[in-house]
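Asker: coords please:
(one chain, ligands or ions: 2)
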Amino acid sequence: MKFRKICKLLSLVMILALICMNGLAQKRKTRSSLEKLPNNIILMIGDGMGVAQVYSGLTVNHGQLNLTGFKSIGFSKTYSATDYTTDSGAGATALSTGNKTYNYAIGVDKDSVPCKTILEYAEEAGLSTGLVSTSSITHATPAAFIAHQPFRDDYEAIAADFLKTDIDVFIGGGRQFFSQRKDQRDLLKELRQKGYQVVFSMDSIQNIRQGKLAGLNAPDHNPAVVQGRGDMLPRAAETAINILSNNKKGFFLMVEGSHIDWGGHANNADYVAREVIDFDNAIGKAMEFAQKDGNTLVIVTADHETGGLVLLDGSFEKGTIVAKFATTSHSGTMVPVFAWGPGAENFQGIQENTEIFGKMMSLLKLGGVTPNPQE
Ligand code: MG
Ligand code: ZN
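Answerer: Ligands and ions are numbered 1, 2, ... in the order given. Now for the predicted structure:
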């Protein structure tokens with residue numbers, strides 16, 4: 001009996017020791033994976049892309065999306081300083097500056113005070129920076145990363161703000177806000193004087209491998225995929241990555257799939273699904289580079305959900321969905337955050353949209369900034 005008791009005790013001690021060792025190993029593993037910091041961050045924003053939007057793309061594309069390769073997944077709370085339901089200005093400003101602000105604000109806090117964006121911090125630290133969008137490059141989402149304006153609708157003022165920075169690459173529509181302005185300034189000429197290669201067609205944009213690039217391939221917005229945009233977004237993302245990756249110090253790039261939001265506003269599920277698939281093709285370009293590079297963190301999220309989309313039925317085989325929308329506007333629901341690459345695990349769980357800024361800043365060791373305390 002005594003011997004048995006000793007045996008039991010010994011095995012208990014051994015089990016405890018094993019658990020401890022395993023715990024230590026886990027801890028070491030977590031620490032070492034946290035210590036591996038990315039040199040580059042590619043932040044991909046699907047405007048209006050909630051879970052149902054992702055799933056509509058996944059279904060229409062017969063169950064295949066590059067996004068399914070992401071293992072670190074969380075959620076982002078998107079409310080703004082003034083509204084449960086944010087607009088894209090406040091939503092992007094939260095991601096770009098870590099501040100909850102009022103709806104329609106661009107790179108300013110709730111008292112309209114300009115706040116430095118992660119793109120500006122990255123520039124300051126000698127990293128290369130870029131913005132890519134299917135909409136006008138002066139539209140709310142890209143604008144919030146580079147401009148500081150009290151209201152999102154002042155596209156000419158936003159275009160002029162591009163000249164105040166040293167952004168390396170921007171590709172999107174919105175040429176008219178640089179060239180046909182009330183103040184008669186010719187911003188295209190000013191960009192050339194600053195050393196930018198200013199080009200207007202996707203073919204000439206794609207040929208550029210280094211230096212500064214202003215690629216303005218449409219007078220205003222690019223059309224929807226279903227109206228003939230083609231593979232502009234994946235091509236533009238690839239071009240930007242090619243150029244920015246010349247800088248061995250690293251880069252920050254934001255890529256926006258703008259039209260997912262517009263499909264939601266139009267309550268057109270096919271429009272939404274096609275835009276998600278196109279955005280996912282751009283995600284594929286980012287992953288392709290990140291896989292080769294090994295030092296690149298890819299984050300895919302949204303500024304908010306649009307349309308209150310619900311999928312009632314669908315077929316992966318046929319690639320069809322039966323959908324309903326609850327609104328032609330935005331909804332207040334959480335949106336997904338997918339992360340892939342060094343530091344990805346930081347984006348798991350439910351987080352404020354503003355925390356994503358703080359996490360990106362500390363991973364890139366920028367500004368010595370910590371995430372803003374949230375109320
Ligand atoms: Mg947008
Ligand atoms: Zn919208």
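Asker: Residues of this structure that sit close to ligand 1?
Answerer: Within the chain, the positions adjacent to ligand 1 are Asp47, Ser88, Thr141, Ser258 by Cβ under 5 Å from the ion. Glycine gets a C-beta too; all of them are placed from N, C-alpha and C.
Asker: Tell me which residues touch the closest residue to His265 other than its chain neighbours, please.
Answerer: Of all residues not flanking His265 in the chain, Thr328 sits nearest, at 5.6 Å (Cβ to Cβ, 6 or more residues apart in numbering). Residues near Thr328 by Cβ atoms under 8 Å, 6 or more residues apart in numbering: His265, Ala266, Asn267, Gly307.
Asker: Neighbouring strands of the helix or strand that Ile42 is a member of in the sheet, and parallel or not?
Answerer: Mapping Ile42 onto the secondary structure by DSSP states H and E places it in strand 40-46. According to DSSP bridges, strand 40-46 forms sheet pairs with strand 251-257 (parallel), strand 296-301 (parallel).
Asker: Check for me that Asp303 belongs to a strand.
Answerer: No. Asp303: not assigned to a strand; according to DSSP: H, G, I helix; E, B strand; the rest coil it is coil.
Asker: tell me the SS of the closest residue to it other than its chain neighbours?
Answerer: Spatial nearest neighbour of Asp303, excluding adjacent residues (Cβ to Cβ, 6+ apart): Gly91 at 3.0 Å. Under three-state DSSP, Gly91 falls in the helix class.
Asker: Ok, the one 5 residues further on next?
Answerer: Secondary structure assignment for Ser96 (three-state DSSP): helix.
Asker: Could you measure from it over to Ile356?
Answerer: To Ile356, Ser96 is 10 Å away according to Cβ to Cβ, to the nearest Å.
Asker: who has more neighbours, those two?
Answerer: Remark: of Ser96 and Ile356, Ser96 carries more neighbours, 30 against 25, as counted by other Cβ atoms under 10 Å.
Asker: can you tell me how far that one sits from ligand 1?
Answerer: If you measure Ser96 against ligand 1 using Cβ to the ion, to the nearest Å, the figure is 12 Å.
Asker: so what's that residue up against?
Answerer: By Cβ under 8 Å, 6+ apart, the neighbours of Ser96 are Gly107, Thr117, Ile118, Leu119, Ala144, Phe145, Met254, Phe357.
Asker: how does it look with 7 Å?
Answerer: With contact taken as Cβ atoms under 7 Å, 6 or more residues apart in numbering, Ser96 is in contact with Gly107, Thr117, Ile118, Leu119, Ala144, Phe145, Phe357.
Asker: Just among these, which is most surrounded?
Answerer: Ranking these using other Cβ under 10 Å puts Ala144 first, with 32 neighbours.
Asker: that's a helix at Val276, yeah?
Answerer: Yes. Assessed with three-state DSSP, Val276 lies in a helix.
Asker: how many other residues sit next to the nearest residue to it once chain neighbours are set aside?
Answerer: If you skip the residues right next to it in sequence, Val276 has Gly57 as its closest partner in space, 2.9 Å away by Cβ to Cβ, 6+ apart. Residues lying near Gly57 (other Cβ under 10 Å) number 25.
Asker: and Gly57, what does it touch?
Answerer: Contacts for Gly57 (Cβ under 7 Å, 6+ apart) come out as Leu65, Ala273, Val276, Ile277, Asp280.
Asker: go again using 6 Å as the cut-off
Answerer: Going by Cβ atoms under 6 Å, 6 or more residues apart in numbering, Gly57 touches Ala273, Val276, Ile277.
Asker: any idea which of those residues is the one closest to Ser136?
Answerer: Val276 (20.6 Å; Cβ to Cβ).
Asker: Please tell me how far the most centrally placed residue in the chain sits from ligand 1.
Answerer: Compute the mean C-alpha point of the chain, and by Cα atoms, centre = their mean the closest residue is Met44, 2.6 Å away. Plainly put, Met44 is 12 Å away from ligand 1 if you go by Cβ to the ion.
Asker: For the protein, which segments are assigned as helices?
Answerer: 2-35, 51-60, 88-97, 118-124, 140-143, 155-162, 176-179, 187-193, 202-206, 232-244, 259-265, 269-293, 353-363 (DSSP state H).
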